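1. Using only what follows, build the 3D model:
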Amino acid sequence: MSAPAAVGFFSFTEITDPAEHHAYNAWHQLDHMPEQFRIPGVVWGRRWVSTPACRAARAVSAPPLDPIHYVTLYLMAEPVDDTLRDFYALGRELSELGRFHKHRRSHLSGPFRVTGMSAAPRVEVAAEVTPYRPDRGVHVVVTGPAVAPPLDTIVAAPGVAGAWSFADDRRSITVAWLDDDPLAVAPRVAVPAGAEFAGPFAAITPWEWDWFDA
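-> You can find the predicted model right below:
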């Protein structure tokens, strides 16, 4: 296993031009994300899509996260300051080379420290490795830092393989990794009062990016 993750770097992303989803996915999945793995402290990364059906299944979808289409998560190891420095420097380098997608807006982005992890007993693997299992999608809940949902309750829901929590001074983000259809799991996940966002995202298959085609 890679070095233990200390933070999760998130981006909750809106594509601002509806015609750009294919170009955005090709850029991110085939160019941008692979480049991040040359940074030693980036130990894992994945991105998921809020398809039109996933959007309709959101339990909470308030500003500023209501417009988003995708969520990206990178797990980063210590020393985090060095990893973030290299991460931002690579972003600048790729942008200067013209390898950065312009028709996108991130409504929540940055590093959040790992605050907890739990795995469903049925999956048998340790909570630390649940992100590395194949998934069919994730369920994401964003709350204030004091109202994060309990992880043991989340992993008790059928279809949830494991869950991690992340936090900074303003927000808590809970990610549940799913091995059942995200649309089927969504109503099984309890959402705390005061949540800013709660909803499912589907796994992304390379070159199958037609969710938003007219």
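2. Leaving out the residues flanking it, which one is nearest to residue 57?
-> residue 186 (4.5 Å; Cβ to Cβ, 6 or more residues apart in numbering). (Each C-beta comes from the backbone N, C-alpha and C, glycine too.)
3. Same question for residue 100.
-> residue 94 (5.6 Å).
4. just the CA coordinates of the top strand by length along the chain, formatted as CSV?
-> Longest strand in the chain by number of residues (criterion: DSSP state E): strand 104-119. Provided in CSV are the C-alpha atoms of strand 104-119 (Å, rounded to 0.1, in the frame of the first residue of the first chain):
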residue,chain,number,x,y,z
ARG,A,104,-14.8,24.9,-15.8
ARG,A,105,-15.5,26.5,-12.4
SER,A,106,-14.7,24.9,-9.0
HIS,A,107,-17.2,25.8,-6.3
LEU,A,108,-15.3,24.2,-3.5
SER,A,109,-11.7,23.2,-3.8
GLY,A,110,-8.7,22.6,-1.5
PRO,A,111,-7.1,20.3,1.1
PHE,A,112,-9.2,18.7,3.9
ARG,A,113,-7.5,16.7,6.6
VAL,A,114,-8.6,13.0,7.0
THR,A,115,-10.6,12.8,10.2
GLY,A,116,-12.1,9.3,10.2
MET,A,117,-12.6,6.1,8.2
SER,A,118,-14.8,3.1,8.5
ALA,A,119,-15.4,-0.1,6.4
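5. after it, next one along is what?
-> Downstream of strand 104-119, the next assigned helix or strand under DSSP states H and E is strand 137-143.
6. Strand 104-119 and the longest helix seen in the chain, what's the angle between them?
-> Using DSSP state H, we find that the single longest helix of the chain is helix 80-96. Computed by axes from the mean of the first three to the mean of the last three Cα atoms, to 10 degrees, the angle separating helix 80-96 from strand 104-119 equals 150 degrees.
7. got a list of contacts for helix 80-96?
-> Identification of contacts with helix 80-96 by Cβ atoms under 8 Å, 6 or more residues apart in numbering yields 6-7, 9, 32, 35-36, 38-42, 74, 76-77, 100, 111.
8. Find the nearest non-adjacent residue to residue 165, please.
-> residue 116 (4.2 Å).
9. Pull up the per-residue confidence for that neighbour.
-> pLDDT recorded at residue 116 is 96.
10. mind listing what it touches?
-> Counting by Cβ under 8 Å, 6+ apart, the residues that residue 116 touches are 151, 164-165.
11. shaky segments in the protein?
-> The model of the chain has pLDDT under 70 over residues 1-2.
12. Quick one: the strands in it, in order.
-> Remark: strands assigned in the chain by DSSP E are 5-15, 42-49, 60-61, 70-77, 104-119, 137-143, 160-167, 172-178, 197-203.
13. quick one, which of those strands is nearest to residue 191?
-> strand 197-203 (4.3 Å; Cβ to Cβ).
14. between the closest one and strand 42-49, how many degrees?
-> 100 degrees.
15. Pull the distance from strand 197-203 to the chain's centre.
-> 9 Å (Cα atoms, centre = their mean, to the nearest Å).
16. ditto for stretch 134-152
-> 10 Å.
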